[in-house]
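Novice: below is the structure, and that's it, no one-letter string:
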């Protein structure tokens, strides 16, 4: 049986228990409110999300490679594709951007085999640049113009589209994008 002398002790114990529950529940409540408001930590990438979502397999987007074969958006193993789309007259700046993208692939270290590089557009006129490019890039042409909205209009420029292994386009990198930001995005999605 409880006496009036035990009531202050009981109230103190209940307050202490309530304080403990609040200490553990507060972070979950704050996180729930942040997610509900649309904020997600670390979710932002450097590329622009492609909305509405596009799947190049479902669209039957045809890319013909330089050897005449069709480019397989779905591969025998799960590999992403970084598609480089050259503007008119790919020259020095365009080649620098392509080199930066190839370097980003190399910097993935043991995961570099999980990223394919696909160049769509007129190949560089310089034979030495073309030979160096084919070491890293598969060359091809967009047969139906399905990627025209991503292609830059400025001369000597290049944009890029990151495509998931199932053919879903994830992010668009407009001409003049930051190669270091692209590498950070690649490291997030290729593990």
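Specialist: Perfect, thanks for sending it. If you're wondering where the values come from, they're calculated on a predicted model, not measured in any experiment.
Novice: what's the domain layout of this structure?
Specialist: 1-43, 48-189 (automatic domain parsing).
Novice: most neighbours per residue, which of those?
Specialist: domain 48-189 (a mean of 16; mean count of other C-beta atoms under 10 Å). Placement of C-beta: from N, CA and C, glycine included.
Novice: element containing residue 10, please.
Specialist: Assigned by DSSP states H and E, residue 10 belongs to helix 7-36.
Novice: distance from the chain centre to that helix, please.
Specialist: Relative to its parent chain, helix 7-36 has a centroid offset of 39 Å by C-alpha atoms, centre = their mean, to the nearest Å.
Novice: then stretch 111-127?
Specialist: 17 Å.
Novice: please enumerate the helices of this protein.
Specialist: 7-36, 92-106, 127-133, 179-189 (DSSP state H).
Novice: which one of those lies closest to residue 159?
Specialist: Closest of the helices of the chain to residue 159 is helix 92-106, at 8.8 Å (criterion: C-beta to C-beta).
Novice: not counting that closest one itself, show me its contacts.
Specialist: 82, 84, 86-87, 90, 112, 115, 117, 119, 124, 129, 133, 136-137, 156-158, 160, 175, 177, 179, 182-183, 186 (C-beta atoms under 8 Å, 6 or more residues apart in numbering).
Novice: where in the chain is pLDDT low?
Specialist: 1-2, 4-5, 38-45 (pLDDT under 70).
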